[in-house]
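# From the sequence below, what's the structure:
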Amino acid sequence: MASRPSSWSFAGPSRSLYIILALYLVSFSAVANSLAHPPQRPLGEPSSTSARPVDAFDNSSGDAAFRDPDSQQSPIPPPTSTTLQNLLGALHVMQDKYFVLWLGAWPTSIDWTAAVLGTHVSAVLSSLTSSARLQNSSLAVLENTVNHFFSHTSTFYFGENAFSLRNQAYDDMLWVVLDWLENIKFQDLHSELHYTTPSNDTPGQPWHGTQFRNPAAHRARLFYELASVGWDKTLCGGGMIWNPNLIPYKNAITNELFISASIGMYLYFPGDPIDSPFLAYSQTAPAPRNLHNPAHLQAAMDGYTWLKNSHMTGPGGLYGDGFHISGWQSSSRPKSRKCDVLNTMVYTYNQGVILSGLRGLWLATWSQAYLEDGHELIEKVLKATGWPQTSSTVWAGLGRGGVLEEACDSRGDCSQDGQTFKGIFFHHLAEFCRSLRPHEERFLANNAGNPPPGQESWNTTYHGHLRRCHAYGSWIEHNARAALVTRDHDGKFACEQQLASLGAADYRNPPDELDASTVNVVPRDSNDRGRGRTVETQSGGVAVLRALHQWQTSDVLL
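Numbers count the residues shown, from 1 in each chain. Next up is the predicted model:
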């Protein structure tokens, strides 16, 4: 992560033409596809989702909005329906208030946070389309929502500042990889669940959105190759360098991103048939472009082995920011070439990104140790928020009163980077704990056989993993409540969750100027201090609500 002003720039008429063409293709192909190849279930009228603030657990409203008008089934049982309404409302606000369709971008974001925003949009769509309680009763309504938001991610492909990102830090590049892999995962999931299954002896047809599979795969592959050059064995025995243009710094986020991106490329990258004129780096042989490339798996395994053995953890067993190398800037003392000066500053996202990588490593290897490491880290995070002491105002290392915080939240001076971190944590927590998808089940089945020595069968391990994940639900719900209370009249989320959830003293505003007992925020809201409410804080609300929705609709066997 590199802190910098926005470098998004409008690249002239050719860029506008590409975006307009993308919009046309999305709208035309959606109509053509729906006429020629309707989904396996009938579609109804689209719904209008209000972005107005709704009490997270008020079950008196919203059910009818998510009922198929042609269905006699009951609406989704509360509180799932209300959480879903809040989730869609948060996503609508993020896109309606911050995304500019004709630019294909969130103009107030910076390059790396825009990639994270795209990741959140695709992840929400995957959660919606795979929800067991939605597939029967609400597909008719959600299909319109899916097409609406997928068109945004398609135009973002052309609006993304890819040329600038090619010259930035390695972690910036890796956010791009995760974004487009998430987009591919959604395309494949939605198509398989609702379109490609044969019905009445009629072969199923792919969902129209899968036509963007190759461009998404190409960008993921290109940026993965660019970033992989950052793996360095000359210092510290391995690990990713953060930025090629600065003094050597091997930090947690770049290495965690490399692990998650590498295993994501192994599991989900479909291959890249595009021959781009913009080569990553000169190579003696073409880069592998196939699915389940062993080099990607090996990179993920090597990356995690190095990270785990690097001792990049500080108080509470949480990941610090990263390692400097002693003597590097000194002209009078030798350079150690070892990672021996740890910056112990703790950020929420450094505890999150590794979780999706650990889940993927388990899928690929069956090694339960990866899941065990993930659960141990999550439990440390919960403890560092003060959980389960929800009334405490004592800082516990990563929050207080059970609410996840950055150190900058209570001061109201988080940077644009810091405003993005908590949403990243909840995204990767949800990814770590989500149910298996059809192609993942096939992957496990195709690699079935005798488990490695000392390992349970993957099915036994998987259900044990889900049961442990289910235990985190109360904490996720607690954080979702705290986030919802920060919304203003426009439905915009803020960062400072603890003010409303704990009734903590706001030293910058007299007590009578902040009504923490309601969703409605009175003038001089403390959450408007500093950068205030931004697209990054909105994405945090989206991510925690997605995690809550996923937990409430989980098919875990209790």
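
# what stretches of the stretch 1-150 of the chain score poorly on pLDDT?
1-80, 132-141 (pLDDT under 70).

# Apply 90 and report the result again.
By pLDDT under 90, the low-scoring segments of the stretch 1-150 of the chain are 1-82, 84-85, 128, 130-145.

# Equivalent analysis for the stretch 151-300 of the chain, please.
193-205, 247, 273-291.

# what are the ranges of the strands in it?
Ranges of strands within the stretch 151-300 of the chain are 250-251, based on DSSP state E, counting those that start in this stretch.

# residue ranges of the helices in it, please?
With helices called from DSSP state H, counting those that start in this stretch, the stretch 151-300 of the chain shows them at 162-165, 170-194, 213-228, 252-268, 294-309.

# Out of these, which is the most enclosed?
helix 252-268 (a mean of 27; mean count of other Cβ atoms under 10 Å). All C-beta spots, glycine's among them, are computed from the backbone N, C-alpha and C.

# That one packs against which elements?
Applying 3 or more Cβ pairs under 8 Å, 6 or more residues apart in numbering; DSSP states H and E, one finds that helix 252-268 contacts helix 170-194, helix 213-228, helix 294-309, strand 322-325, helix 353-365.

# Now do the second one against helix 294-309, angle only.
Taking axes from the mean of the first three to the mean of the last three Cα atoms, to 10 degrees, helix 213-228 and helix 294-309 form an angle of 50 degrees between their directions.

# Give me the packing partners of helix 213-228, helices and strands only.
Where contact means 3+ Cβ pairs under 8 Å, 6+ apart, helix 213-228 is packed against helix 139-159, helix 170-194, helix 252-268.

# what comes up buried for the first one?
It refers to helix 139-159. 139-147, 149-159 (16 or more other Cβ atoms under 10 Å).

# what's the closest of the helices and strands packed on helix 252-268 to Phe258?
Taking Cβ to Cβ, helix 294-309 is the member of these nearest to Phe258, at 5.1 Å.

# ok now that closest one, how far from the chain's centre?
Counting by Cα atoms, centre = their mean, to the nearest Å, helix 294-309 is centred 21 Å from the centre of its parent chain.

# do stretch 354-363 as well
Mean-position distance between stretch 354-363 and its chain equals 14 Å (Cα atoms, centre = their mean).

# Output it as CSV - backbone C-alpha positions only.
Extracted in CSV, the C-alpha atoms of stretch 354-363 (Å, rounded to 0.1, in the frame of the first residue of the first chain):
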residue,chain,number,x,y,z
ILE,A,354,-3.7,-13.7,4.6
LEU,A,355,-7.0,-15.4,5.6
SER,A,356,-8.2,-16.0,2.0
GLY,A,357,-4.7,-17.2,1.1
LEU,A,358,-4.8,-19.8,3.9
ARG,A,359,-8.2,-21.1,2.8
GLY,A,360,-6.9,-21.4,-0.7
LEU,A,361,-3.8,-23.3,0.4
TRP,A,362,-5.9,-25.7,2.3
LEU,A,363,-8.0,-26.3,-0.8
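
# Report the mean per-residue pLDDT for it.
Stretch 354-363 shows a mean pLDDT of 97.

# if I look at Gly317, how far off is Leu189?
The gap separating Gly317 from Leu189 is 34 Å, by Cβ to Cβ, to the nearest Å.

# oh sorry, the question was meant for Val177
Going from Val177 to Leu189 by Cβ to Cβ gives 19 Å.

# what do you get for Thr119?
Thr119 sits 15 Å away from Leu189, going by Cβ to Cβ.

# what does Leu404 give?
Computed as Cβ to Cβ, the Leu404 to Leu189 distance reads 28 Å.

# do Thr553 as well
For Thr553, the distance to Leu189 equals 15 Å [Cβ to Cβ].

# cool, and Leu87?
Counting by Cβ to Cβ - Leu87 and Leu189 are separated by 17 Å.

# next one: Ala364
19 Å.

# likewise Ala169?
As for Ala169, its distance to Leu189 is 31 Å (criterion: Cβ to Cβ).

# Next, the contact list for the residue nearest the centre of the chain, please.
Closest to where the C-alpha atoms of the chain average out (Cα atoms, centre = their mean) is His427, at 3.9 Å. Residues near His427 by Cβ atoms under 8 Å, 6 or more residues apart in numbering: Thr119, His120, Ala123, Gly352, Ala543, Arg546, Ala547.

# Can you dump the C-alpha atoms of the strand or helix carrying the first one in PDB for me?
Think Thr119. Applying DSSP states H and E as the criterion places Thr119 in helix 111-130. This file holds the C-alpha atoms of helix 111-130, laid out as PDB (Å, rounded to 0.1, in the frame of the first residue of the first chain):
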ATOM      1  CA  ASP A 111      -5.700   3.700  -7.700                       C
ATOM      2  CA  TRP A 112      -5.300   0.900  -5.200                       C
ATOM      3  CA  THR A 113      -8.500   1.600  -3.200                       C
ATOM      4  CA  ALA A 114     -10.400   1.600  -6.500                       C
ATOM      5  CA  ALA A 115      -9.200  -2.000  -7.100                       C
ATOM      6  CA  VAL A 116     -10.500  -2.900  -3.600                       C
ATOM      7  CA  LEU A 117     -13.900  -1.300  -4.400                       C
ATOM      8  CA  GLY A 118     -14.200  -3.400  -7.500                       C
ATOM      9  CA  THR A 119     -13.400  -6.500  -5.400                       C
ATOM     10  CA  HIS A 120     -16.200  -5.600  -2.900                       C
ATOM     11  CA  VAL A 121     -18.700  -5.200  -5.700                       C
ATOM     12  CA  SER A 122     -17.900  -8.600  -7.300                       C
ATOM     13  CA  ALA A 123     -17.800 -10.300  -3.800                       C
ATOM     14  CA  VAL A 124     -21.300  -9.000  -2.900                       C
ATOM     15  CA  LEU A 125     -22.700 -10.300  -6.200                       C
ATOM     16  CA  SER A 126     -21.200 -13.700  -5.500                       C
ATOM     17  CA  SER A 127     -22.700 -13.800  -2.100                       C
ATOM     18  CA  LEU A 128     -26.100 -12.800  -3.500                       C
ATOM     19  CA  THR A 129     -26.200 -15.300  -6.300                       C
ATOM     20  CA  SER A 130     -25.000 -18.200  -4.100                       C
END
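
# Show me what that helix is packed up against.
With contacts taken as 3+ Cβ pairs under 8 Å, 6+ apart, helix 111-130 sits against helix 80-98, helix 139-159, helix 162-165, helix 170-194, helix 418-433, helix 535-552.

# tell me how far the helix or strand containing Arg467 is from the chain's mean position?
Using DSSP H and E, Arg467 falls within helix 458-470. Taking the mean of its C-alpha atoms, helix 458-470 sits 22 Å from the chain's own mean (Cα atoms, centre = their mean).
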